[in-house]
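In: Build me a structure from this.
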Amino acid sequence: MFRNALLGAALIFFPGGAAGAEDLPVLNVYTYDSFVSEWGPGPRVEQAFEAQCKCDLQFTALGDGAALLARIQLEGERTKADVVLGLDTNLTARAAETGLFASHDRVVAGLDLPIEWTDTRFLPFDWGYFAFVYDRTKLSDVPRSFTELAAMPEDFKIIIEDPRSSTPGLGLLMWVKAAYGDRAPEIWAGLAPHILTVTKGWSEAYGLFLKGEADMVLSYTTSPAYHIIAEQDDSKAAAIFDEGHYLQIEVAGRLVTSKQPKLAAEFLDFMLSDAFQSIIPTGNWMYPVLTPKSGLPEGFENPVPAEKALLMSPKQAVDMRKDALDEWLHALSK
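Out: Numbering: from 1, shown residues only. You can find the predicted model right below:
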């Protein structure tokens, strides 16, 4: 998800705008900040879905994907959410353990994903690869692996996101673990001196990078497409690493406590429609799970060979999380 919220204030609450909304059934969707920003997909998704459902779609923005799960865990059965949109496969096993997510009851086939989708609770809506983004006008000696990154001069700095609050941050932990296994502590020891700061979420990290605070920032291979399409600026690029790149698949699920189960189910169906999926490439700056009829825009050529796609299963991600987090914290504490 290319978090373009840095271009405008993220909304804490994004109310439905349909006329006479007070007389319509309300569907509450919890999501992350940038999804409902003025430049994100939320406004267009809201308009398109409300025209179909004759309802009032209301988004509540709660930071990043990890914050969504934390809120649901905190609220439990008292949650007002009907749908949660913005978790990823590193979080779905923990989300399922809450017992709050219902089966989606759909046969899912023909998705344009690098893997087969078998999850019965969560449906994917977009995907992408994590990558370190840099400015090609400022950086010519580009690291092509984590080991090369660790070996860069001492003044070479990167910005990353906190894995405890951010899905990109957690994705980075899984990326290093998937690529290096037991050598992960060694890699983090080499990376630690280059970490300028750890931000709560993607927006803060990318904003600091655009201000020139660091040489690289943890983002996505699709991030440069935003600059090309929206700004006619081809100065940003994603470093392609020899180890491969970790895959993020973002998902949505409906709550068993929903007061609008039929509307929640309708929203999940809509999420896989061309009307929704066609918004994703230039709204969320990720790959859609179903290629729109209009095709993909410039800049969405896949730079990661299939054999270089790294991904842990949801169970592996849960099992690995504590050790990976401890390794990361230990490296940064030195």
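
In: from here on, contacts and neighbour counts on C-alpha atoms
Out: OK.

In: Check which residues of the lengthiest strand in the chain are buried.
Out: Criterion DSSP state E: the longest strand present in the chain is strand 123-135. Judged by neighbour count using 16 or more other CA atoms under 10 Å, the buried positions of strand 123-135 are 123-135.

In: which one among those gets closest to Ala150?
Out: Within the buried residues of strand 123-135, the smallest distance to Ala150 is 13.1 Å, found for Phe132 (CA to CA).

In: Could you pull up the contacting residues of that closest one?
Out: Met216, Val217, Leu218, Ser219, Tyr220, Thr221, Ala238, Ala239 (CA atoms under 8 Å, 6 or more residues apart in numbering).

In: from those, which two are the most distant?
Out: Farthest pair in these, by CA to CA: Met216 and Thr221, 12.7 Å.

In: Which neighbours do the two have in common?
Out: Phe132, Val133.

In: In its sheet, which strands sit next to the longest strand of the chain, and in what direction?
Out: Strand 123-135 sits in its sheet next to strand 216-220 (antiparallel), strand 236-239 (antiparallel), strand 245-254 (antiparallel), strand 287-288 (antiparallel), going by DSSP bridges.

In: who touches the very next helix or strand once past that strand?
Out: Downstream of strand 123-135, the next assigned helix or strand under DSSP states H and E is helix 146-150. Here helix 146-150 makes contact (CA under 8 Å, 6+ apart) with Pro143, Ile187, Gly190, Leu191, His194, Phe241, Glu243.

In: which one of those residues is nearest Asp234?
Out: Pro143 (19.2 Å).

In: Now that closest one: closest residue in space that isn't a chain neighbour?
Out: Leu149 (5.2 Å; CA to CA, 6 or more residues apart in numbering).

In: again, but for Phe122
Out: Using CA to CA, 6+ apart and skipping residues adjacent in sequence, the residue nearest Phe122 is Gly253, 4.8 Å away.

In: Pretty sure that neighbour sits against Val84.
Out: Yes. Between Gly253 and Val84 there is a contact at 5.5 Å, judged by CA atoms under 8 Å.

In: Let me know the angle separating the helix or strand where Leu196 lies from strand 216-220.
Out: Taking DSSP H and E as the definition, Leu196 sits inside strand 195-199. Per axes from the mean of the first three to the mean of the last three CA atoms, to 10 degrees, the angle that strand 195-199 makes with strand 216-220 is 40 degrees.

In: Show me which positions of strand 195-199 end up buried.
Out: By 16+ other CA under 10 Å, the buried positions in strand 195-199 come out as Ile195, Leu196, Thr197, Val198, Thr199.

In: Equivalent analysis for stretch 143-159, please.
Out: Pro143, Phe146, Thr147, Leu149, Ala150, Met152, Phe156, Lys157, Ile158, Ile159.

In: ok, Asp141 - how many residues close by?
Out: 8 (other CA atoms under 10 Å).

In: okay, it: pLDDT?
Out: At Asp141, the pLDDT value in this model is 96.

In: before we move on, what about Gly17?
Out: 47.

In: Cys53: which of the buried residues of stretch 143-159 is nearest?
Out: Relative to Cys53, and with distances defined as CA to CA, the nearest of those is Ile159, at 41.6 Å.

In: Can you get me the start-to-end distance on stretch 285-297?
Out: Separation of the first and last residues of stretch 285-297 by CA to CA, to the nearest Å is 10 Å.

In: and if you look at stretch 178-188?
Out: By CA to CA, one end of stretch 178-188 lies 13 Å from the other end.

In: same question, stretch 289-297
Out: Span of stretch 289-297 from end to end, CA to CA: 15 Å.

In: How far away from the center of its chain is it?
Out: In terms of CA atoms, centre = their mean, to the nearest Å, the centre of stretch 289-297 is set 19 Å apart from its chain centre.

In: which residues in the stretch 51-200 of the chain form helices?
Out: Applying DSSP state H, counting those that start in this stretch to the stretch 51-200 of the chain gives helices spanning 65-75, 92-97, 146-150, 167-180, 184-191.

In: Can you name the residues that contact Thr98?
Out: Counting by CA under 8 Å, 6+ apart, Thr98 has contacts Gln73, Gly76.

In: So it versus Ile72, what's the distance?
Out: 9 Å.

In: swap in Ile280?
Out: 25 Å.

In: When these two are compared, which one has more neighbours?
Out: Ile280 (29 against 20).

In: quick one: the more buried one and Pro288 touch, right?
Out: Yes. Assessed by CA under 8 Å, Ile280 is found in contact with Pro288 at 5.8 Å.

In: Quick check: neighbours shared by those two?
Out: Contacts common to Ile280 and Pro288, judged by CA under 8 Å, 6+ apart, are Asp126.

In: picking up where we left off before, distance to Gly110 and mean neighbour count for the strands paired with strand 123-135 - can I get that in TSV?
Out: Converted to TSV, the strands paired with strand 123-135 look like this (distance: least, CA to CA, whole Å; neighbours: other CA atoms under 10 Å):
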stretch	distance to Gly110	mean neighbour count
strand 216-220	24	27
strand 236-239	28	20
strand 245-254	16	26
strand 287-288	12	26
